[in-house]
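**Q** whatever this is, show me its structure:
(chains A and B)
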Amino acid sequence: MSTTSVVASLNNVTRTFVSKRGDVKALDEVSISLQQGKTLALVGESGSGKTTAARILLGLDQPDSGSVNILGSELGGLKHEQMRLLRKSIQVVQQDPYSQLNRRHCVERIIEGPLLAFNVGDKISRRDKVISLLKAVGLEEEHLRRRPHELSGGQCQRVAIARALALDPKIVVLDEAVSALDVSVRAQVLNLLRELRDELGLTYLFITHDLGVAHYLADEIAVMFRGRIVEQGDRKDVFIDSKHPYTVDLLKSVPLAVPPDEKRQNNMDVQTLPSPNPTDACTYRSRCTVGRDLAQCASDKLTFTKGSPTHLWMCHFPVGGK
Amino acid sequence: MKPADNKLNALSVRNLSVSVPARGGRVLAVDNISFDLPIGKKIGVVGESGSGKSLTALALMRLIKDPVQVDAGEIFMGGKDIMKLSAKEFLPYRGGEIAMIYQDPMSALNPIMRIGEQIIESIRVHSPMSKQAARKIAIDQLGSVGIPEPEKRIDSYPFEMSGGMLQRVVIAIALSGNAKVLIADEATTALDVSTQERVLTLIDKTATERGLSVLLITHDLGVAAQYADEILVMYAGRIVEHGQVQQVFSRSVHPYTRALLDSKCDYTLDVTKPIKSIAGQPPRPDNRPSGCVFAPRCDFAEPACSASIPLLSAHGDAMAACFRADELIFNQEVR
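**A** Alright, predicted model coming up:
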């Protein structure tokens, strides 16, 4: 991994949300870096801090400590206008196909929005750009005058992708961008995202709870649990040679659309999952089949173990040994 | 289709049609469907949004309201056609014979009522007893759906509990009337995978223990594959394939089922190739094609497919609604 190809990074970012019922560490010393033209997937369950990481990278939230770097600029030190200009390079597609689009605007106005905000071109050149974007995401000129309610969920998601690409960004944050779509349409949009990335050299931060789509789109995977990255590595490392018990449990929980085994396991524990004990050194300890009763997992501070230059994990007793 | 036999089946649906208003008239959102739910079995109903899964469930609960209407159909439970019962006669059935769990537990529960009161209320609707006696049963039920310290948790408000716990509360309420049929409509869609696994196993275990028959409605093919005995595939308001889970997931007959399985995206997939997606999108109810509803997106469609509607019929060990089913089974390499 040469450092020259890093286009964006979070470095030791911590973000704590203060509430009456106790503080929540949404991010606990999280570091990620996005490589030019590659896709990093952040996976984890709800409340793991995925979206907070995305918001901080987009400059929509500020870290309590740590730094954010986008295309060589430190976010914290930027003036308002500098930040505004930087936003041209980093765009976002969100989960809900309908609510992220202004329902009173037609498709042309929606996709033209970013161009207007930055005064790009004149009316005619903007229209040409909108049409070429529409074609790039698999829609037609006839869709220009439609409004979101006249489109299907998949089409709306294509419009959101076209809008995100309007300013020729370097980085696109995809926050659960295919989670609300039906299976057949999700496959179309995933294929589209991959084509666009490869054609335009885009860098994606792909946020998802779905291991299947992360596996399909990502070069690198970071598995998050309660504000921490517990395992990170190349796709193959994480899926085939999983080290953290949480990654292993997560993979096991995904029901696969294959003919079931003759004898199904019906002996698993159906109790609610235990909540993490805030004093444990490892946040996963209360649910972990390996470390649940081990004192070391409660007391000894964890650091990343580097299995290979591309594979890191945060566990005292990784699956399959160290 | 065989006549409805109430000895082997907990539920028999015959020629059910549900219509919704549309520009210039009404359209069928559920179009003449028939199936049997055998006693003690779990049927997974799969299909994309708009395929009519949820409206079917609501029709079974007799919760269809204007402007949506049940146009035709019989629903047999325990030898009676429940569609013929008056609203008052049906009351003991809802919750007593057939119960339902919904996708979003937060909106299924009253946010300003303690969960205990909500369970006690539904216990007492079905069997009159004192509040204290019902409270004891409620605590037992909370324990049996896997909630730790039920005697403390019973006095919690919904906002104090996680999504997985709330869904367990909803399950406890659904089971409080000792229903024989349970409909789970996307009951775990809003949950994380690890919680989903536990809640589905809980439903599975409870069904086995109590001899419940379950209709598991889901858009997640994996959930259906791992937790159902039979699979019903719906597309644009019709049943296009119905078979045993092994058959549907290893030797599916209908081109839509095959296409749906091809477009799945899980971590066993070969990532070097694009996913096989289905071109186009499901038709809107007011814009259904004539003949076979899947024909415009089907790789195997012929002109005859758009001329008339294929009926669900037996092809080998499967039931499928496709004119070319026998040919496709015979010639598996067509795939």
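**Q** hey, let's count contacts and neighbours off CA atoms from now on
**A** Fine.
**Q** you'd agree B:Pro38 is up against B:Val214?
**A** No - applying Cα atoms under 8 Å as the test, B:Pro38 and B:Val214 come out as separate, 9.3 Å apart.
**Q** quick one: B:Ala172 is in a helix?
**A** Yes - assessed with DSSP: H, G, I helix; E, B strand; the rest coil, B:Ala172 lies in a helix.
**Q** and the gap between it and chain A?
**A** The span separating B:Ala172 from chain A equals 14 Å under the rule Cα to the nearest Cα, to the nearest Å.
**Q** gap between that residue and A:Asp293?
**A** Plainly put, B:Ala172 is 32 Å away from A:Asp293 if you go by Cα to Cα, to the nearest Å.
**Q** out of the two, which sits in the more crowded spot?
**A** When neighbours are counted by other Cα atoms under 10 Å in any protein chain shown, B:Ala172 and A:Asp293 differ, and B:Ala172 comes out ahead with 24 against 12.
**Q** with adjacent residues omitted, what lies nearest to that one?
**A** Ranked by Cα to Cα, 6 or more residues apart in numbering or on different chains and with sequence neighbours excluded, the top spatial neighbour of B:Ala172 is B:Gln141, at 5.9 Å.
**Q** was I right about that neighbour contacting B:Val170?
**A** No - between B:Gln141 and B:Val170 there is no contact under Cα under 8 Å: 10.9 Å.
**Q** contact partners for B:Gly116?
**A** B:Arg135, B:Ala138, B:Ile154, B:Asp155, B:Ser156 (Cα atoms under 8 Å, 6 or more residues apart in numbering or on different chains).
**Q** out of these, which are inside helices?
**A** For the contacts of B:Gly116, membership in helices holds for B:Arg135, B:Ala138, with DSSP state H as the criterion.
**Q** what's the host helix or strand of B:Ala314 packed up against?
**A** B:Ala314 belongs to strand B:313-315 when assigned by DSSP states H and E. Other helices and strands packing on strand B:313-315, by 3 or more Cα pairs under 8 Å, 6 or more residues apart in numbering or on different chains; DSSP states H and E, are strand B:318-320.
**Q** and the strand it packs on, what does it pack against?
**A** Under the contact criterion of 3+ Cα pairs under 8 Å, 6+ apart, the helices and strands touching strand B:318-320 comprise strand B:238-244, strand B:313-315.
**Q** parallel or antiparallel, list what pairs with the last one.
**A** Using DSSP bridges, the strands paired with strand B:313-315 are strand B:318-320 (antiparallel).
**Q** which element follows the strand it pairs with toward the C-terminus?
**A** Later in the chain than strand B:318-320, the nearest helix or strand by DSSP H and E is helix B:325-330.
**Q** so which residues on the stretch 51-200 of chain A come close to chain B?
**A** A:Asp182, A:Val183, A:Ser184, A:Val185, A:Ala187, A:Gln188, A:Asn191 (Cα under 8 Å from any Cα of the partner chain).
**Q** out of those, which are inside helices?
**A** Secondary structure of those is defined by DSSP H; positions in helices are A:Val183, A:Ser184, A:Val185, A:Ala187, A:Gln188, A:Asn191.
**Q** ok, the fourth one - contacts?
**A** Neighbour list for A:Ala187: B:Ser263, B:Lys264, B:Cys265, B:Ile275, B:Lys276, B:Ser277, B:Ile278 [criterion: Cα under 8 Å, 6+ apart].
**Q** ok, B:Pro38 and B:Val214, which is more surrounded?
**A** Taking B:Pro38 and B:Val214 together and counting by other Cα under 10 Å, B:Val214 has the greater number of neighbours (28 against 20).
**Q** how close does A:Arg145 get to chain B?
**A** Here the distance between A:Arg145 and chain B works out to 20 Å (Cα to the nearest Cα).
**Q** let me see the contact set for that residue.
**A** The contact partners of A:Arg145, taken as Cα under 8 Å, 6+ apart, are A:Cys106, A:Val107, A:Glu108.
**Q** using the three-state scheme, assign the residue nearest to B:Ala172.
**A** With three-state DSSP as the criterion, B:Gln141 reads helix.
**Q** so what's the residue count around it?
**A** Here the count is done by other Cα under 10 Å, and B:Gln141 has 21 residues near it.
**Q** over to B:Ala301?
**A** Using other Cα under 10 Å, B:Ala301 is surrounded by 17 other residues.
**Q** again with A:Glu81
**A** Residues contacting A:Glu81 under the criterion other Cα under 10 Å number 9.
**Q** now the helices for chain A?
**A** Under the criterion DSSP H, helices of chain A are mapped to A:50-57, A:80-86, A:107-117, A:123-136, A:153-165, A:183-200, A:211-217, A:235-240, A:245-253, A:295-299.
**Q** possible to save those as CSV with mean pLDDT?
**A** What follows is those, written out as CSV (pLDDT from 0 to 100):
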stretch, mean pLDDT
helix A:50-57, 95
helix A:80-86, 93
helix A:107-117, 96
helix A:123-136, 95
helix A:153-165, 94
helix A:183-200, 93
helix A:211-217, 95
helix A:235-240, 94
helix A:245-253, 94
helix A:295-299, 93
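**Q** pick the most deeply packed of the ones you listed.
**A** Neighbour counts averaged per stretch over the helices of chain A are highest for helix A:153-165, at a mean of 25; criterion: mean count of other Cα atoms under 10 Å in any protein chain shown.
**Q** roughly how far is that helix from the heart of the chain?
**A** What separates the centre of helix A:153-165 from the centre of its chain is 17 Å, taken as Cα atoms, centre = their mean, to the nearest Å.
**Q** that helix packs against which elements?
**A** Applying 3+ Cα pairs under 8 Å, 6+ apart, one finds that helix A:153-165 contacts strand A:90-93, helix A:107-117, helix A:123-136, helix A:183-200.
**Q** show me where the stretch 151-300 of chain B has its helices.
**A** With DSSP state H, counting those that start in this stretch applied, the stretch 151-300 of chain B shows helices at B:163-175, B:193-210, B:221-227, B:245-250, B:255-262, listed in chain order.
**Q** do the longest one and chain A meet?
**A** Spelled out, that is helix B:193-210. Yes - against chain A, helix B:193-210 shows contacts by Cα under 8 Å from any Cα at B:Val193, B:Ser194, B:Thr195, B:Glu197, B:Arg198, B:Val199, B:Thr201, B:Leu202, B:Asp204, B:Lys205.
**Q** wait, isn't the fifth one in contact with A:Val270?
**A** Yes - counting by Cα under 8 Å, B:Arg198 sits close enough to A:Val270 to count as a contact (4.9 Å).
**Q** where does the stretch 1-150 of chain A dip in pLDDT?
**A** Along the stretch 1-150 of chain A, the model assigns pLDDT under 70 to residues A:1-4.
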